[in-house]
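1. Dropping the sequence and predicted coords here.
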Number of protein chains: 2
Amino acid sequence: MAGKLPVSPLAPKGGFPDLPVIEGVRFASGAAGVKYADRADVMLAELAPGTVITGTFTRSKTRAAPVLDCETKLGGASEAGAAILVNAGNANAFTGTAGVTAVRAITGAVADLLDLPETRVFTASTGVIGEPLPHDRVTAALSDLKASLDPGGIEGAAQAIMTTDTFPKGATRQVEIDGKTVSISGFAKGSGMIAPDMATMLVYIFTDAKAGFEGLQATLSALTDRTFNRITVDSDTSTSDTLLLAATGASGVDVTGSDTFAGALEEVMLDLAHQVVRDGEGASKFVTINVTAAASEEDAERVARAIADSPLVKTAVAGEDPNWGRVVMAVGKSGAEADRDRLAIRFGEVLVAENGQVHDGYEEADAAAHMKGDEITISVDLGLGTAEATIWTCDLTAQYIAINADYRS
Amino acid sequence: MAGKLPVSPLAPKGGFPDLPVIEGVRFASGAAGVKYADRADVMLAELAPGTVITGTFTRSKTRAAPVLDCETKLGGASEAGAAILVNAGNANAFTGTAGVTAVRAITGAVADLLDLPETRVFTASTGVIGEPLPHDRVTAALSDLKASLDPGGIEGAAQAIMTTDTFPKGATRQVEIDGKTVSISGFAKGSGMIAPDMATMLVYIFTDAKAGFEGLQATLSALTDRTFNRITVDSDTSTSDTLLLAATGASGVDVTGSDTFAGALEEVMLDLAHQVVRDGEGASKFVTINVTAAASEEDAERVARAIADSPLVKTAVAGEDPNWGRVVMAVGKSGAEADRDRLAIRFGEVLVAENGQVHDGYEEADAAAHMKGDEITISVDLGLGTAEATIWTCDLTAQYIAINADYRS
């Protein structure tokens, strides 16, 4: 169904951002015909020698073959450079030994093409689960891809990996460190933790910063927990979620221990994570869930996630209903420490309930006005401790059902 | 919205069953006008001296006032008899100290009415959260209720506690023990773990068996885990779920340690639990999820629940799509021990996938034919151990969204 859906009403108004060139990276995209006709469905990123590659992946126990392959290959700077090859249209997931064969065929062909060791070739596949990936179509497209490698090709790459996405997702930040500019640019696809038959969130971020593998991997893992692991569309988890961060080092600026760099990287990651939510299937509202005064950070996240994943809360948001009773319900079911009589709940800035009952001056019209916007904030103060957490999600609409209940055709 | 919805297509074809009189119990129902006009909204059950009352309750951390009150009152045979009073239309949940006052006003009035100690009066409330319960309307109806107490009044009682239910739910079993007949009859309400603004699953079961409190409570708790705790409509948990089992002892048959009695009780509980799913909001399919060959029972339940609660699986069922890729996804996200390459998946009797890939002889038309029925079975063999679990649920349809996204009016 790619391309048939209207662009999400929550898409960034300015369209795809201008992304600065990251020295040491070239992109190409093309049409391999894996499944879709008349569109690019494969992208290649070539990375200069010296590039460090870090990553985070789905925690699913049924991870797809490309994920299992990538996990073993993360690592530090190599004289050999590196490459990333991604196809859309087929996830190469739950394909048994044929899946492993397909990964090897593609990584081997890319290694030959760019004169790299196979251990430096990363792949990902997104699309239908359970059908063998026609890897010969992908490898047949490689020489054209090599010929069109271009430092400015990042938007085309972002478009080539879309499946049910309704818009390509890009983000960038530039920061000054030691008097020099360091750039970070990335793109993502995903419109649901898992899209209809076209699973997966994929994220690729590139920077010209210089960094050691272990420090950069630790930073990336910590930031993933605060960004991509804090969004949810439908609580479902893909078999293939992949985030790779490639640092070419071309700026010469060592960012080891740099809070400035980590801050900029977090902004890029959060920007892309929010765009994934904004393209959530059927989404009409972008929802921020803030939980404060929890007994522990784990409890804060658990409560925020219970609210964000509650079908009853999500449908109430879709209906523009400030239904705080459902928020109380979600707090109660989360399993986190909670005292009914200490809860305070706000929709936007409107205090709805406190001390276990409706706030004295509460007028439903005030909260209802906030719910009519397309940026909704629900805040819960547990009144117990000092820990807090934020989760971002979208509403649950009839369009989500329509997209996902359609018989595959 | 009570009464405005068409009867669920999954409702039992025979209508409300004929329930035998349970000696020692009389029922009354009437219209207190708590919220609804023109319908009964309150029911009273009077229990003879000697009745043992056991119960299980929601695990929510934001339990409503009547639940907190009931929990303290469970207990063994008393010379004083007992009573249960339930109102529909207002849940008396998240009502602060006013909620406690309302419970005391009602239990006190019922105690006076029937000459019982207050510690033997059990109440429940179901309906809107967060609005003070107009308890004076309930107590004003009590003398009429007392005047109409009738051993045959159980169907009226079942109807009086409905909120968004589309049909009243009753079940019964009779068994021979020691040459005598023991009867068990019960009724339930609930159409969703929590209904729109009208939270709560309530279940009341009555038997003329004779039993000690501790043994009967242990049996009830164990059976609850295998019946009501194995159903899910939308994964949301009410603040007020209440199940009471009252054993009058009138048959004179001591059922302590009787597998025959426990088996019959489990059948009544499962029957009522299934009827709650069959009245799930917007449900068009009744879905049984069987998980076998898990490493532990906890894992089996976790996998079954992940499948049953997955919006993507539930929408696929609504769309009659044998989308086994989503089942693989749900197995992977459950967190249970799983080996992708040992999974086998069946829709009905049709083997879809095994050993980590599509089954050789699989024809999608076969599985699609099963999905067109209104009783769907999804079976997952994890290929690891011997533990198993079953969860019952329904599909997720546009009607669920329509019911739950409607602005409260």
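-> Everything's here; your move. Numbers count the residues shown, from 1 in each chain, chains lettered A, B, ... in the order given.
2. from here on, contacts and neighbour counts on C-alpha atoms
-> Will do.
3. Centre-most residue in chain A?
-> residue A:273 (4.6 Å; C-alpha atoms, centre = their mean).
4. What count of nearby residues applies to residue A:217?
-> Residue A:217 is flanked by 22 other residues according to other C-alpha atoms under 10 Å in any protein chain shown.
5. Which helix or which strand is home to it?
-> For residue A:217, the host element (DSSP states H and E) is helix A:213-226.
6. So which elements touch that helix?
-> When contacts are defined as 3 or more C-alpha pairs under 8 Å, 6 or more residues apart in numbering or on different chains; DSSP states H and E, helix A:213-226 packs onto strand A:52-57, helix A:259-278.
7. is chain B contacted by the next helix or strand after it?
-> The helix or strand immediately downstream of helix A:213-226 is strand A:231-232, counting by DSSP H and E. No - Strand A:231-232 is not in contact with chain B by C-alpha under 8 Å from any C-alpha of the partner chain; minimum separation 12.3 Å.
8. Return the list of strands paired to strand A:231-232, each annotated with direction.
-> strand A:387-394 (parallel) (DSSP bridges).
9. ok and the strand it pairs with relative to helix A:259-278, angle-wise?
-> Strand A:387-394 and helix A:259-278 are oriented at 40 degrees to each other (axes from the mean of the first three to the mean of the last three C-alpha atoms, to 10 degrees).
10. picking up where we left off before, out of everything not next to it in sequence, what's closest to the residue nearest to the centre of chain A?
-> Of all residues not flanking residue A:273 in the chain, residue A:228 sits nearest, at 5.4 Å (C-alpha to C-alpha, 6 or more residues apart in numbering or on different chains).
11. Tell me who's in contact with that neighbour.
-> Counting by C-alpha atoms under 8 Å, 6 or more residues apart in numbering or on different chains, residue A:228 touches A:269, A:270, A:273.
12. The second one against residue A:229, yeah?
-> Just to be clear, that refers to residue A:270. No - judged on C-alpha atoms under 8 Å, residue A:270 makes no contact with residue A:229 at a distance of 10.2 Å.
13. quick one, which of these two is more surrounded?
-> Legend: neighbour count by other C-alpha under 10 Å for residue A:270 and residue A:229, higher for residue A:270 (20 against 13).
14. What pLDDT is listed against the residue nearest to that one when sequence neighbours are not counted?
-> In this structure, residue A:270 finds its nearest non-sequential neighbour in residue A:227, 5.2 Å apart by C-alpha to C-alpha, 6+ apart. We note a pLDDT of 89 for residue A:227 in this prediction.
15. Burial check on residue A:227, number of neighbours?
-> Count around residue A:227 with other C-alpha under 10 Å applied: 21.
16. ditto for the one 3 residues further on
-> Counted by other C-alpha under 10 Å, the residues lying close to residue A:230 total 20.
17. For the closest residue to residue A:217 other than its chain neighbours, give the beta-bridge partners.
-> Take residue A:217 and drop its neighbours on the chain: the residue closest to it by C-alpha to C-alpha, 6+ apart is residue A:54, 5.2 Å away. According to DSSP bridges, the partner residues bridging residue A:54 are residue A:245.
18. and the gap between the residue nearest to the centre of chain A and chain B?
-> 20 Å (C-alpha to the nearest C-alpha, to the nearest Å).
19. Contacts only, for that residue.
-> If you count contacts by C-alpha under 8 Å, 6+ apart, residue A:273 has them with A:227, A:228, A:231.
20. who's in contact with the first one?
-> If a contact means C-alpha under 8 Å, 6+ apart, then residue A:227 has A:266, A:269, A:270, A:273 as its contacts.
21. Residue A:375 - how many residues pack around it?
-> Counted by other C-alpha under 10 Å, the residues lying close to residue A:375 total 15.
22. So what does the closest residue to it other than its chain neighbours have for phi and psi?
-> In space, and not counting its chain neighbours, residue A:375 is closest to residue A:286: 5.0 Å by C-alpha to C-alpha, 6+ apart. Torsion angles at residue A:286 (phi, psi; degrees, to the nearest 10) stand at phi -90, psi 120.
23. residues contacting residue A:286?
-> Residue A:286 touches A:10, A:277, A:278, A:374, A:375, A:376, A:392, A:393, A:394, A:395, counting by C-alpha under 8 Å, 6+ apart.
24. at 10 Å instead, please
-> A:9-10, A:274-275, A:277-280, A:317, A:373-377, A:392-395 (C-alpha atoms under 10 Å, 6 or more residues apart in numbering or on different chains).
25. Narrow these to those that are buried.
-> A:9-10, A:274-275, A:277-280, A:317, A:374, A:376-377, A:392-395 (16 or more other C-alpha atoms under 10 Å in any protein chain shown).
26. what two of the residues you listed are the furthest from one another?
-> A:275 and A:317 (18.8 Å; C-alpha to C-alpha).
27. okay, residue A:407: pLDDT?
-> We have a pLDDT of 49 for residue A:407.
28. Then residue A:142?
-> pLDDT, residue A:142: 98.
29. how much space between it and residue A:285?
-> According to C-alpha to C-alpha, to the nearest Å, residue A:142 and residue A:285 sit 40 Å apart.
30. These two: which is more packed in?
-> residue A:285 (26 against 23).
31. Can you check the pLDDT for the more buried one?
-> 95.
32. Might one say that it is in contact with residue A:320?
-> Yes - the pair residue A:285 / residue A:320 is scored as a contact, 9.4 Å apart, by C-alpha atoms under 10 Å.
33. How about the secondary structure of residue A:62?
-> Following DSSP: H, G, I helix; E, B strand; the rest coil, residue A:62 is assigned to coil.
34. Repeat that for residue A:11.
-> Following three-state DSSP, residue A:11 is assigned to coil.
35. gap between the closest residue to it other than its chain neighbours and chain B?
-> Once flanking residues are discounted, residue A:11 sits nearest to residue A:278: 5.9 Å by C-alpha to C-alpha, 6+ apart. Distance of residue A:278 to chain B, computed by C-alpha to the nearest C-alpha: 18 Å.
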